[in-house]
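Participant: Model the following, please.
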Amino acid sequence: QVQLVESGGGLVQPGGSLRLSCEVSGFTLDDYAIGWFRQAPGKEREGVSCIASSDGGTYYPDSVKGRFTISRDNAKNTVYLQMNSLKPEDTAVYYCATDQTQYYCSGLYDDWGQGTQVTVSS
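Facilitator: Residues are numbered from 1 along each chain as shown. Below is the predicted model:
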């Protein structure tokens with residue numbers, strides 16, 4: 001059974017940092033591209049990062065490029081999202097997900113976890 005469990009969210013001041021974790025089970029992590037997306041109330045879902053299994057390539061939209069870094073530790077079955085220089089507009093529930101292509105970052109997802117809330121506020 002595929003499972004993804006996000007953790008690491010919380011309340012942080014603007015300019016602060018958080019590291020989100022996504023622990024997976026039920027599949028071999030290095031066989032899958034894993035993406036992070038976020039959902040804020042009243043806003044469309046937005047992909048914020050992805051790491052491919054094919055070549056380890058990473059993807060970031062302009063809104064987070066230079067501030068967010070995705071990484072994976074296959075031995076720990078965990079994908080991380082390091083978020084620096086956080087802004088109030090980063091406030092959302094963050095989810096990690098398997099990509100529908102399995103190997104590449106398409107932005108289309110198959111399975112995701114329950115999410116972790118990130119709130120950026122002073």
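
Participant: Sticking with the residue nearest to the spatial centre of the chain, tell me its helix or strand.
Facilitator: Nearest to the geometric centre of the chain sits Trp36, at 2.5 Å (Cα atoms, centre = their mean). Per DSSP states H and E, Trp36 falls inside strand 34-39.

Participant: and that strand, which strands flank it?
Facilitator: Using DSSP bridges, strand 34-39 pairs in its sheet with strand 46-51 (antiparallel), strand 92-99 (antiparallel).

Participant: can you pull the buried residues of stretch 11-29?
Facilitator: Residues of stretch 11-29 classed as buried by neighbour count (16 or more other Cβ atoms under 10 Å): Val12, Leu18, Leu20, Ser21, Cys22, Glu23, Val24, Phe27, Leu29. In short, each C-beta sits where N, CA and C put it, glycine included.

Participant: Could you tell me the end-to-end distance of it?
Facilitator: End-to-end distance of stretch 11-29 (Cα to Cα, to the nearest Å): 29 Å.

Participant: List of residues touching it?
Facilitator: 1-10, 34, 36, 72, 74, 76-88, 94, 96, 98, 113, 116, 118-122 (Cβ atoms under 8 Å, 6 or more residues apart in numbering).

Participant: Mind pulling the model confidence for the closest residue to Gln100 other than its chain neighbours?
Facilitator: Computed as Cβ to Cβ, 6 or more residues apart in numbering, the closest residue to Gln100 that is not its neighbour in sequence is Leu108, at 4.2 Å. Listed pLDDT for Leu108 reads 92.

Participant: give me the number of residues near Leu108?
Facilitator: 11 (other Cβ atoms under 10 Å).

Participant: next one: Tyr60
Facilitator: Tyr60 has 17 nearby residues by other Cβ under 10 Å.
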